[in-house]
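Please work out how this folds:
(one chain, ligands or ions: 1)
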Amino acid sequence: MRVAVAGGTGVVGRHVVAALAASGHEAVVLSRATGVDLERGAGVTEALRDCTAVIDVTSVQALGAKRSKAFFGGVTRTLLAAEREAGVGHHVALSIVGAAEAPSAYYAGKALQERLVQESGTGWTLLRATQFHEFAAQLAVRSAPGRLRIVPAMTSQPVAAAEVGAALAEIAVGAPRGIERDLAGPRVEDMPSLVRRYLAAQGDHGRVLTVALPGRWGKALRDGTLLGGPQARLGVQPFDEWLAATTS
Ligand SMILES: NC(=O)c1ccc[n+]([C@@H]2O[C@H](COP(=O)([O-])OP(=O)(O)OC[C@H]3O[C@@H](n4cnc5c(N)ncnc54)[C@H](OP(=O)(O)O)[C@@H]3O)[C@@H](O)[C@H]2O)c1
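The predicted structure follows:
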């Protein structure tokens, strides 16, 4: 099958593309690097020619809810309209566990994306995953080596992006499933501890200061809102195994 991967150059997108190729399918990458800007919208229908499904793993670095909603709302509307024109029957979106409940600027865009997909009237699957193992690394590299890292008090159940990518590839070549079971990692972890372990593996002696964020968002980070829950499908690779494989 021919499957379009919007955001196929990103952290999880690269794994989606690899998983599709490994199972004998053709991936068409849509990203600005391949000449398709999904916020501008030009040329998307043509890029979807002969595709049976679209997997949306695009993202934006948004500091505010307005920007996040503009990005995820705009990209989702553009993709869904182009899919209708091109006759694509399955839209697969990746979201985040808790995105519809926890009040954060970035999650406001993800919640809008979730709603648009569910109201689309097309065949769709929505997979919610917990933070990728890479998330701790992304928090760590925000500061220069050796410097203090300020990390929110956060309970997470990190999952390997490779496992999320493989799940999305498998979903896309099948029939639409609606809301899929959450995909979470095998262990519940403390985010500041993950950042410390990541820094130690890099030989970085920078300290990590844990800060409990105020308000409903801070509470959601700590109270399990972002965890997989009892019905979640669990990934296999724990954080420390991923870390050892990444840094060896
Ligand atoms: N990170 C996590 O822990 C986590 C956990 C669960 C779910 N998710 C979800 O997973 C998805 C992917 O996250 P990620 O961390 O893999 O993202 P990422 O590494 O930041 O990659 C983002 C992708 O989007 C593309 N993109 C950005 N703007 C675009 C535009 N205007 N037009 C076309 N393509 C555009 C980028 O390619 P170009 O730069 O070439 O355009 C890139 O391929 C997101 O929706 C996120 O909410 C993330």
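
How about the residues of the chain by the ligand?
Selection of the chain residues close to the ligand by Cβ under 6 Å from any ligand atom yields 7, 9-13, 30-33, 36-39, 57-60, 94, 96, 110, 129, 131-132, 135. Any C-beta I mention is one placed from the backbone N, CA and C, and that applies to glycine too.

are any of those buried, and which?
Among the residues of the chain next to the ligand, those scoring as buried are 7, 9-13, 30-31, 36, 38, 57-59, 94, 96, 110, 129, 131-132, 135 (criterion: 16 or more other Cβ atoms under 10 Å).

Check the chain for the residue nearest the ligand and tell me.
Gly10 (2.2 Å; Cβ to the nearest ligand atom).

So that residue: helix, strand or coil?
coil (DSSP: H, G, I helix; E, B strand; the rest coil).

Just confirm Val3 is within a helix.
No. Counting by three-state DSSP, Val3 is not part of a helix but strand.

Val164: neighbour count?
24 (other Cβ atoms under 10 Å).

Quick check: closest non-adjacent residue to it.
Leaving aside its sequence neighbours, Val164 sits nearest to Ala129 (Cβ to Cβ, 6 or more residues apart in numbering; 4.8 Å).

ok, that neighbour touching Leu94?
Yes. When contacts are counted by Cβ atoms under 8 Å, Ala129 is listed as touching Leu94 (6.4 Å).

counting contacts, what elements does the longest helix seen in the chain pack onto?
What stands out as the longest helix in the chain, according to DSSP state H, is helix 65-86. For helix 65-86, the packing partners by 3 or more Cβ pairs under 8 Å, 6 or more residues apart in numbering; DSSP states H and E come out as helix 44-47, strand 53-56, strand 90-96, helix 105-118.

Name the residues contacting each of Ala129 and Leu94.
Val164 (Cβ atoms under 8 Å, 6 or more residues apart in numbering).

related to what we said a few turns ago, can the helices and strands packed on helix 65-86 go into CSV with extra columns for mean pLDDT?
Formatted as CSV, the helices and strands packed on helix 65-86 follow (pLDDT from 0 to 100):
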stretch, mean pLDDT
helix 44-47, 96
strand 53-56, 98
strand 90-96, 98
helix 105-118, 97
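
Please identify the deepest-packed of these.
Per residue and on average, the most neighbours among the helices and strands packed on helix 65-86 fall to strand 53-56, with a mean of 28 (mean count of other Cβ atoms under 10 Å).

quick one: it to chain centroid distance?
Strand 53-56 has its C-alpha centroid displaced from the chain centroid by 13 Å (Cα atoms, centre = their mean, to the nearest Å).

Walking through the chain, point out its helices one by one.
Here the chain has its helices, by DSSP H, at 13-22, 44-47, 65-86, 105-118, 134-140, 161-172, 191-201, 215-222, 239-247.
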